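Undergrad: Here is my input; please provide its structure:
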Amino acid sequence: MGTVIFPEKCGHAVFDAVSRKRKADKILGILNNRGGIEGRKVLEIGTGSGYMSAHFAKAAGQSGSLSSVDVVDQREVKEGYAFQLVDGVKLPFENETFDVVISNHVIEHVGERNEQSLHLGEIFRVLIKGGFAYLATPNRYKPIEPHYNLPFLGIMPVKIAGFAVSTFGKGNGFEIRSFGPISLNRMAAGAGFSVESAVLEMVALSLNDSALKFLSPIAEALPGVFFRALIPICPSFVIVLKKPA
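TA: From the prediction side, this is the model:
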């Protein structure tokens, strides 16, 4: 397996403590619907600034634990959890070590489809039987690509997208490999997981945490089929992966 250099080394970590805590709370909201992480052994892939790591560690509590890995140490918060540097997608843990794994906007960074498949395979390997993982990644069809803030990069051929990134001074090339809904679910299922969309849960959590909270009763009154039809065009895909017991 070749070494994969994540674009986080180019500065994609987020250092806004308030936004990181709010994001962590939404992830915990989805995990809480599946039993939560208190008292569980949790792995976070992609530490970034460390704000979310520390928040997850508090949620795991004294009877649980939070381990976090990244390919570069950009942490502003370093206390309360275990951290390890990694080189590529291989995880430095034994089989069936963790109850829960969190991979929040990481898989689009790890390389081409082969490395992404290995990323999912490593998550499957380190999860206990019956364990589950939270995974989120941008929709490749999103009009504005969120890492470089340029339009339609996700659907461009890689060389053309790289040329656009360089031309507009956003970097030295385009290193994001995002998914459509079918390709993501197919790859996750191929790794051995059962796949459940959590997009609608994330939408509900986001509405309740924003100035649009007043829309929540309207959204709840609409039939679920209305929102399920919108999943393929949502800005990000959020899925929960379950390893068979």
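Undergrad: In the chain, which strand is the longest?
TA: When the chain is parsed with DSSP state E, its longest strand is strand 127-138.
Undergrad: show me the residues around the most centrally placed residue in the chain that make contact.
TA: Among the residues of the chain, residue 104 comes closest to the average C-alpha position under Cα atoms, centre = their mean, at 1.8 Å. If you count contacts by Cβ atoms under 8 Å, 6 or more residues apart in numbering, residue 104 has them with 23, 27, 44, 46, 52, 134-136. Quick note: C-beta positions are derived from backbone N, CA and C, even for glycine.
Undergrad: mind running it again at 7 Å?
TA: The contact partners of residue 104, by Cβ atoms under 7 Å, 6 or more residues apart in numbering, come to 27, 46, 134, 136.
Undergrad: so the third one makes contact with residue 240?
TA: Yes: with contacts defined as Cβ atoms under 7 Å, residue 134 counts as touching residue 240 at a distance of 6.1 Å.
Undergrad: what residues are shared contacts of those two?
TA: In terms of Cβ under 7 Å, 6+ apart, residue 134 and residue 240 are both contacted by the residues residue 30.
Undergrad: Where does residue 205 sit, in terms of helix or strand?
TA: Following DSSP states H and E, one finds residue 205 within helix 199-208.
Undergrad: How about stretch 46-53, which residues are buried there?
TA: Neighbour-count burial for stretch 46-53, counted by 16 or more other Cβ atoms under 10 Å, picks out 46-53.
Undergrad: could you dump the residues you listed to TSV with distance to residue 39?
TA: Formatted as TSV, the entries for these read as follows, by distance: Cβ to Cβ, whole Å:
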residue	distance to residue 39
46	23
47	22
48	25
49	26
50	22
51	22
52	19
53	18
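Undergrad: Pick out the most distant pair among those residues.
TA: Of all pairs drawn from the buried residues of stretch 46-53, the one with the longest distance (Cβ to Cβ) is 46 and 51, at 12.4 Å.
Undergrad: one step back: please report how far the residue nearest to the centre of the chain lies from residue 172.
TA: 25 Å (Cβ to Cβ, to the nearest Å).
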